[in-house]
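**Student:** Quick one: sequence plus predicted model below, questions after.
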Amino acid sequence: MFSKVLIANRGEIALRVIAACKEMGLKTVAVHSEADRDSLHVRYADDDVCIGPAASKQSYLNISSIIAAAEITGADAIHPGYGFLSENPHFAEIVGECQLTFIGPPPEAIRLMGDKARARETAKNAGVPIIPGSEGSVKTVEDAAAIAHQIGFPVILKAAAGGGGRGMRICWKESELQSQYETARNEAERAFGDASVYLEKYLERPRHIEIQVFGDTHGRVVALGERECSIQRRHQKLIEESPSPALDDATRKRMSEAAVKLCQAVNYVNAGTIEFLYQDGDFYFMEMNTRIQVEHPVTEEVTGIDLVKEQIRVAAGEPLSVPHGEFRLRGHAMEFRINAEDPVTFAPNPGKIRELHLPGGPGVRVDTHVYRDYVVPPHYDSLLAKLVIRGKDRMETLARARRALEQFVIEGVKTSIPLHRAILNNEKFIRGDISTRFMDHFTF
Ligand code: ADP
């Protein structure tokens with residue numbers, strides 16, 4: 001086992017990893033930008049190193065500073081969290097070359113799945129259903145038009161290097177293809193430094209359902225149930241839950257088997273997520289995320305497995321601690337992302353937290369890095385807290401969520417709390433009758 005883990009991240013996920021390390025008796029190193037000097041992860045870690053100015057490029061994405069911080073403090077492993085360098089195969093490689101352990105999958109698996117157009121091919125070759133679309137990326141708008149004709153409109157153009165909902169453009173008819181193709185490429189180039197785009201049939205009323213997977217270095221891969229993440233705004237998740245109200249045991253089993261098959265095909269190790277779109281009883285592979293997800297607590301609550309500790313154990317070469325045999329989810333869990341943003345326009349709203357009261361009581365978990373008088377910096381994502389609710393079934397979870405959101409107070413910045421309260425009173429949401437288009441029609 002490691003003795004000291006450096007966390008190459010900030011915010012709530014840095015605290016989450018520190019919590020796991022502390023409980024395992026491991027020392028921790030926090031790295032931080034100049035803007036994050038007063039952050040809790042800096043205070044809670046055994047050591048801390050400033051790795052650069054506020055801009056992520058010069059701090060949380062600065063590989064040489066992070067490696068130097070690990071060497072100076074004597075860390076022997078690095079946990080990348082999510083975002084930042086977590087899905088950068090080059091970083092994972094360098095960590096290994098510096099005789100440190102990367103707490104995540106092998107660089108080859110990250111690279112293979114990081115190109116979403118190639119990942120589709122890998123999934124197809126492994127016998128996992130994919131959304132009809134292009135083979136690899138599309139090279140010209142004429143190619144895109146030919147494929148769109150074959151599969152029929154609407155279609156969606158997506159960045160091969162994509163993430164965070166950027167570089168995605170829907171085309172309802174051929175006349176839109178030319179301009180959307182240019183826009184998608186430009187956006188992809190700007191966001192990821194890679195203009196490649198691929199094309200898929202645009203499903204009109206899908207659910208986003210993903211399977212949590214985990215592989216160890218002893219050749220075992222397990223699926224740990226699903227998370228339904230259909231409540232999104234701008235293709236970004238807002239509420240996640242497990243189990244999905246849409247899946248029966250047979251479909252869950254088929255989806256889990258497909259996810260495990262894909263992991264085995266790429267020799268996957270550590271935590272990962274296989275994202276599917278699900279519509280009319282069929283599911284299609286969309287992409288794989290080769291890291292711990294923001295919404296991992298939902299799975300922790302219904303499986304009783306501490307996924308971050310499991311990541312650390314598996315990275316140290318230990319076998320998965322998940323018992324063999326049939327696997328069942330217990331009760332129900334939901335996560336509400338509390339962002340510093342306008343609940344109507346979704347514009348980020350950084351600033352000083354003037355008042356804070358966190359809900360508690362049965363079945364309530366809050367993963368957060370904020371405190372009263374904390375200043376939310378404008379440089380990073382707007383996630384303030386994750387409210388994770390567990391109940392014996394979906395109805396109890398909804399009631400508990402309403403109660404907890406009533407008690408949740410954040411003043412000083414606008415947050416998504418009022419939006420969540422409103423969603424919890426929506427009839428369709430209560431019935432579980434949702435799709436990724438839910439927010440399109442939601443007035444608040
Ligand atoms: P990113 O990695 O940028 O988050 P994803 O490929 O995970 O992108 O897609 C994000 C969301 O965009 C999905 O959850 C879904 O709502 C929507 N989406 C993506 N592809 C399709 C598609 N082919 N049809 C319908 N919706 C899609």
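**Tutor:** That came in fine, so what should we check first? Residues are numbered from 1 along each chain as shown.
**Student:** For residue 186, which residues are in contact?
**Tutor:** For residue 186, the set of contacting residues under the criterion of CB atoms under 8 Å, 6 or more residues apart in numbering consists of residue 195. The way it works is simple: take the backbone N, C-alpha and C, and place the C-beta from them, glycine included.
**Student:** I'd guess residue 229 is in a strand, am I close?
**Tutor:** Yes. In this structure, residue 229 lies within a strand as judged by DSSP: H, G, I helix; E, B strand; the rest coil.
**Student:** And the pLDDT for it?
**Tutor:** The per-residue pLDDT reported for residue 229 equals 98.
**Student:** Residue 107 now?
**Tutor:** Note on residue 107: pLDDT of 98.
**Student:** Can you tell me how far it is from the ligand?
**Tutor:** Here residue 107 is placed at a distance of 19 Å from the ligand (CB to the nearest ligand atom, to the nearest Å).
**Student:** burial count for that residue?
**Tutor:** Neighbour count of residue 107, defined by other CB atoms under 10 Å: 20.
**Student:** Ok, residue 264 next?
**Tutor:** The tally of other residues near residue 264 (other CB under 10 Å) stands at 15.
**Student:** Wait, residue 89 touches residue 102, no?
**Tutor:** No. No contact is recorded between residue 89 and residue 102 when judged using CB atoms under 8 Å, the distance being 10.0 Å.
**Student:** So which of these two has more stuff around it?
**Tutor:** Comparing residue 89 with residue 102 by other CB under 10 Å, the one with more neighbours is residue 102, at 25 against 20.
**Student:** Does the more buried one touch residue 95 like I think?
**Tutor:** Yes. Under the criterion of CB under 8 Å, residue 102 is in contact with residue 95, at a separation of 4.2 Å.
**Student:** what's the overlap in contacts for those two?
**Tutor:** residue 78.
**Student:** Can you pull the poorly scored residue ranges out of this protein?
**Tutor:** Low-confidence segments of the chain, defined by pLDDT under 70: none present.
**Student:** Spell out which residues of it are next to the ligand.
**Tutor:** Along the chain, the residues adjacent to the ligand under the rule CB under 6 Å from any ligand atom are 131, 156, 158, 162-165, 200-203, 206, 208, 232, 235, 275, 277, 286-287, 436.
**Student:** List only those of those flagged as buried.
**Tutor:** Applying a neighbour-count criterion of 16 or more other CB atoms under 10 Å, the buried members of those are 131, 156, 158, 162, 200-203, 206, 208, 232, 275, 277, 286-287, 436.
**Student:** and the two most separated of those?
**Tutor:** By the measure CB to CB, 201 and 232 form the most distant pair in those, at 18.6 Å.
**Student:** any chance you could map the helices in the stretch 51-200 of the chain?
**Tutor:** In chain order, the stretch 51-200 of the chain shows helices spanning 63-73, 89-97, 107-114, 116-125, 141-151, 177-192, with DSSP state H, counting those that start in this stretch as the criterion.
**Student:** just checking, what packs against the fourth one?
**Tutor:** Which is helix 116-125. helix 107-114, strand 197-201, helix 249-265, strand 282-289 (3 or more CB pairs under 8 Å, 6 or more residues apart in numbering; DSSP states H and E).
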